[in-house]
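# missing the sequence, but the structure's below:
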């Protein structure tokens with residue numbers, strides 16, 4: 001099937017088969033992994049041609065979970081996400097550029113704390129599949145890196161030996177499954 005004969009697909013993220021995670025260096029020597037437990041997203045794409053893909057995605061900031069209650073409380077404060085004032089993170093993506101058979105770049109605007117900046121994310125297309133109940137699914141792994149200071153999250157503590165407590169760089173790690181209609 002050629003791109004012009006391809007079918008328009010729309011989908012919503014299946015949260016029970018998806019995850020949204022991040023990774024940050026702590027003390028400049030180890031990584032802390034965290035996740036957001038509440039998120040939603042939708043996409044429209046043309047089967048076999050993702051160049052015109054449109055993605056809309058949002059995260060509930062208060063759903064942050066690093067498996068450490070004190071750290072989560074600090075991350076929810078005004079030092080970081082300020083969840084009372086900014087309850088959502090959003091991403092609006094417009095189009096993917098194909099790099100090879102299964103790898104793409106997705107460009108879009110990321111909004112955190114009412115600051116919107118362009119980002120480019122790496123996307124690995126896992127494929128299209130029909131589940132045993134006849135539902136069509138599409139899988140994607142998404143990675144990227146941002147500088148948290150670009151979105152006003154500047155809190156840190158200097159270490160006596162040099163370096164800082166928390167890295168400015170945040171790695172984004174997402175695996176999402178879309179239910180396609």
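Structure's in. What do you need? Note that this is a predicted model, so its numbers are computed, not measured. Numbers count the residues shown, from 1 in each chain.
# so where do the strands sit in this structure?
Assigned by DSSP state E, the chain shows strands spanning 8-13, 19-26, 30-36, 39-46, 49-60, 64-65, 88-98, 103-112, 115-130, 136-147, 166-180.
# can you put those in TSV and add mean neighbour count, distance to residue 154 and mean pLDDT?
All C-beta spots, glycine's among them, are computed from the backbone N, C-alpha and C. Below are the strands of the chain laid out as TSV (neighbours: other Cβ atoms under 10 Å; distance: least, Cβ to Cβ, whole Å; pLDDT from 0 to 100):
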stretch	mean neighbour count	distance to residue 154	mean pLDDT
strand 8-13	16	31	92
strand 19-26	17	14	96
strand 30-36	15	18	96
strand 39-46	18	25	93
strand 49-60	18	20	91
strand 64-65	19	18	98
strand 88-98	17	17	94
strand 103-112	18	13	96
strand 115-130	14	12	95
strand 136-147	17	10	96
strand 166-180	18	9	96
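# quick one: which of those is nearest residue 79?
strand 166-180 (10.0 Å; Cβ to Cβ).
# which strands and helices sit next to the closest one?
The helices and strands touching strand 166-180, judged by 3 or more Cβ pairs under 8 Å, 6 or more residues apart in numbering; DSSP states H and E, are strand 8-13, strand 19-26, strand 136-147.
# Tabulate the strands of the chain (CSV), appending distance to residue 80.
Formatted as CSV, these follow (distance: least, Cβ to Cβ, whole Å):
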stretch, distance to residue 80
strand 8-13, 24
strand 19-26, 11
strand 30-36, 11
strand 39-46, 17
strand 49-60, 14
strand 64-65, 9
strand 88-98, 12
strand 103-112, 10
strand 115-130, 13
strand 136-147, 13
strand 166-180, 9
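# Of all the ones you listed, which one comes closest to residue 72?
Among the strands of the chain, strand 64-65 comes nearest to residue 72, with 5.7 Å by Cβ to Cβ.
# from the chain's centre, how far out does the closest one sit?
Remark: strand 64-65 is offset 14 Å from the chain centroid, using Cα atoms, centre = their mean, to the nearest Å.
# Need the contact partners of that strand.
Contacts with strand 64-65, where a contact means Cβ atoms under 8 Å, 6 or more residues apart in numbering, come from 34, 35, 36, 37, 72, 75, 76, 81, 83.
# thinking the third one is in contact with residue 63, fair?
Read it as residue 36. Yes - here residue 36 lies in contact with residue 63, judged by Cβ atoms under 8 Å, at a distance of 5.0 Å.
# As JSON lines, the helices and strands packed on strand 166-180 with distance to residue 176 would be great.
Shown next, in JSON lines, are the helices and strands packed on strand 166-180 (distance: least, Cβ to Cβ, whole Å):
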{"stretch": "strand 8-13", "distance to residue 176": "5"}
{"stretch": "strand 19-26", "distance to residue 176": "8"}
{"stretch": "strand 136-147", "distance to residue 176": "5"}
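# coming back round to it: which of the contacts of strand 64-65 sits closest to residue 16?
The nearest member of the contacts of strand 64-65 to residue 16, counting by Cβ to Cβ, is residue 37 at 11.6 Å.
# If anything else comes up later, I'll come back, but that's it for now.
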